[in-house]
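1. pasting the structure only:
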């Protein structure tokens, strides 16, 4: 599959009374950026959840290029509100067996979390919580990053 990480072929998905995905075909190549645009109920989150294995497709094939590390930022990220930012991100790295604290420091800097890394997540603004959620999605060096509504709660400067 050369530089192709994921190949979708003929993906179909329906819910009672509504087909949301009909014959979806596309490839995701290493280094590429894709966006799913459409109105509410168009199937954007459904397609992401099929990719993540959260729901089953009704028809079609998905080919993966080997074992992929996937970083995921859901629309409503489940954060541990009592944990400090640094401890939480270390915890996530430990789960993925990707302990690299220097890399984690660089992610904290890129996400603009330096000033709050010792604070409890529950005491942060919605925008900072979203930044923490983005940092957790990338702190294990994923091959593929899946973001569902990544700009929610971010001010224009943070975007």
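-> Arrived safely. All values reported here derive from a predicted model rather than from experimental measurement.
2. can you tell me the centre-most residue of the protein?
-> residue 72 (2.2 Å; Cα atoms, centre = their mean).
3. and the longest helix along the chain, what does it pack onto?
-> Ranked by residue count, the top helix of the chain under DSSP state H comes out as helix 126-138. Here helix 126-138 touches strand 70-73, helix 85-95, helix 101-110, strand 144-147, going by 3 or more Cβ pairs under 8 Å, 6 or more residues apart in numbering; DSSP states H and E. Any C-beta I mention is one placed from the backbone N, CA and C, and that applies to glycine too.
4. so for residue 48, which of those sits nearest?
-> Set against residue 48 and scored by Cβ to Cβ, the helices and strands packed on helix 126-138 come closest in strand 144-147, at 5.4 Å.
5. for that closest one, name the packing helices and strands.
-> So strand 144-147, by 3+ Cβ pairs under 8 Å, 6+ apart, packs with strand 70-73, helix 126-138.
6. closest to residue 85 out of the ones you listed?
-> Evaluated over the helices and strands packed on strand 144-147, closeness to residue 85 peaks at helix 126-138, with 5.6 Å, by Cβ to Cβ.
7. what about that closest one, average pLDDT?
-> Taken as a whole, helix 126-138 carries a mean pLDDT of 95.
8. ditto for stretch 32-47
-> 89.
9. tell me which of the helices and strands packed on strand 144-147 lies nearest to residue 120.
-> Among those, helix 126-138 sits nearest to residue 120 (Cβ to Cβ), with 10.8 Å.
10. buried residues, the closest one. List them.
-> For helix 126-138, burial by neighbour count (16 or more other Cβ atoms under 10 Å) applies to 127, 128, 129, 130, 131, 132, 133, 134, 135, 136, 137, 138.
11. neighbouring contacts of the longest helix of the chain?
-> 71-74, 77, 79, 85, 88-89, 92, 107-108, 111-113, 116, 121, 124, 145, 147, 150, 152-155, 158 (Cβ atoms under 8 Å, 6 or more residues apart in numbering).
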